[in-house]
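Chemist: Take this sequence and fold it.
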Amino acid sequence: MEPVEDVSDDSNEEVEELISDGRESLDQLDGLAGGGGNVDVSNKDGQMVDYTVDEAISMIGTGCFQWKLIIITGLLWSTDAMEMMIITIVQPVIIEIWDLDELASGSIALAVYMGMLFGTFTLGMVADRIGRRSIVG
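Modeler: Coordinates of the predicted model:
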């Protein structure tokens, strides 16, 4: 591939439209995680314009969808973190009320972590098959 050429503002707008409308081929983006590769996009005139993934993302910018995604992901991550906080707060109370020995109290924490490990692998594979929205929603 040729190096990225400097293009006019008109061409940038056309590329933004193509990318935001989702007309780009996923095959072009395959294996380009991290912005290491180039994406070829044709403009209105049929000319191929070469952009790196980082440049394409920078051109698109941060819009409403990206902010929604950041907020939803942050809320899901914080609920996962709260689970760990609740276990550390509740475990001493459970140990006292149920009069548990060290082995039993350790088993409570082990059960939580094993559940997270099992759930992560299982739900991750299921989400790959049926979609993330179905799993989260």
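
Chemist: What is the burial count for residue 62?
Modeler: 11 (other CB atoms under 10 Å). Bear in mind the C-beta positions are built from the backbone N, C-alpha and C, glycine included.

Chemist: Lowest mean pLDDT among the helices and strands of the protein, which one is it?
Modeler: The weakest-scoring helix or strand in the chain, judged by mean pLDDT, DSSP states H and E, is helix 26-29 (a mean of 45).

Chemist: Run through the helices of the protein in chain order.
Modeler: 9-20, 26-29, 53-60, 64-98, 102-130, 132-136 (DSSP state H).

Chemist: quick one: the fifth one to helix 64-98, angle?
Modeler: Put plainly, it is helix 102-130. 160 degrees (axes from the mean of the first three to the mean of the last three CA atoms, to 10 degrees).

Chemist: so what secondary structure elements neighbour helix 102-130?
Modeler: If you count contacts as 3 or more CB pairs under 8 Å, 6 or more residues apart in numbering; DSSP states H and E, helix 102-130 packs onto helix 64-98, helix 132-136.

Chemist: List the buried residues in that helix.
Modeler: Neighbour counts using 16 or more other CB atoms under 10 Å place residue 105 of helix 102-130 among the buried residues.

Chemist: Find me the pLDDT at residue 62, would you?
Modeler: Residue 62 carries a pLDDT value of 84.

Chemist: how much space between it and residue 95?
Modeler: Distance of residue 62 to residue 95, given as CB to CB, to the nearest Å: 47 Å.

Chemist: now do residue 130
Modeler: If you go by CB to CB, the gap between residue 130 and residue 95 works out to 40 Å.

Chemist: Kindly report the same for residue 107.
Modeler: 11 Å.

Chemist: Throw the helices of the chain into CSV and include distance to residue 47, thanks.
Modeler: Listed next are the helices of the chain as CSV, based on distance: least, CB to CB, whole Å:
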stretch, distance to residue 47
helix 9-20, 8
helix 26-29, 16
helix 53-60, 16
helix 64-98, 28
helix 102-130, 37
helix 132-136, 36
